[in-house]
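> Here's my sequence, what's the structure:
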Amino acid sequence: MPKKFAVHILPRANQNLKDIIYYIAINRENIFNAERVQSAIMKRIMNLTIFPEGNPLVPEEPFLSNSVRMVHVKHYTIYYIVDTKSATVYIIGISHARRSRDFLLKDAN
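Okay, the predicted model is just below:
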């Protein structure tokens, strides 16, 4: 049986998800779709408890040297780091797939 990892969503990633859902629900006036997107993202995050290293590393620096991985869900990308010693997946950011990854470099506060 594969090792099961804990998942910890960091505050910035949690805020990213809230912002995405808010944008869809309010700006796009589509609460139903906002709920579907939120559900799909959360389901994919929870699937990272098993074999989180199965998704690709972000192929450019400084993400590559920090072992930042990514997984796509619909039009969104989840960025995360796997700590194998503590068996924990840290969700560090969530964004629209076309958005620059530079937001991950900014201070999380």
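> For stretch 62-69, which residues meet the burial criterion?
If you call a residue buried by 16 or more other CB atoms under 10 Å, then stretch 62-69 has these buried ones: 63, 68-69. Where C-beta positions appear, they are placed from N, C-alpha and C, glycine not excepted.
> Where does pLDDT dip in the protein?
Scanning the chain for pLDDT under 70 picks out 1, 107-109.
> what kind of secondary structure is the residue nearest the centre of it in?
By CA atoms, centre = their mean, the mean C-alpha position of the chain lies nearest to Ile78, the distance being 2.4 Å. Secondary structure, DSSP: H, G, I helix; E, B strand; the rest coil: Ile78 is strand.
> As a check, name the ranges of all strands in the protein.
Using DSSP state E, the strands of the chain run over 6-9, 68-73, 76-83, 88-96.
> Which one, of the ones you listed, ends up nearest to Thr49?
Thr49 lies closest to strand 6-9 among the strands of the chain, at 5.9 Å (CB to CB).
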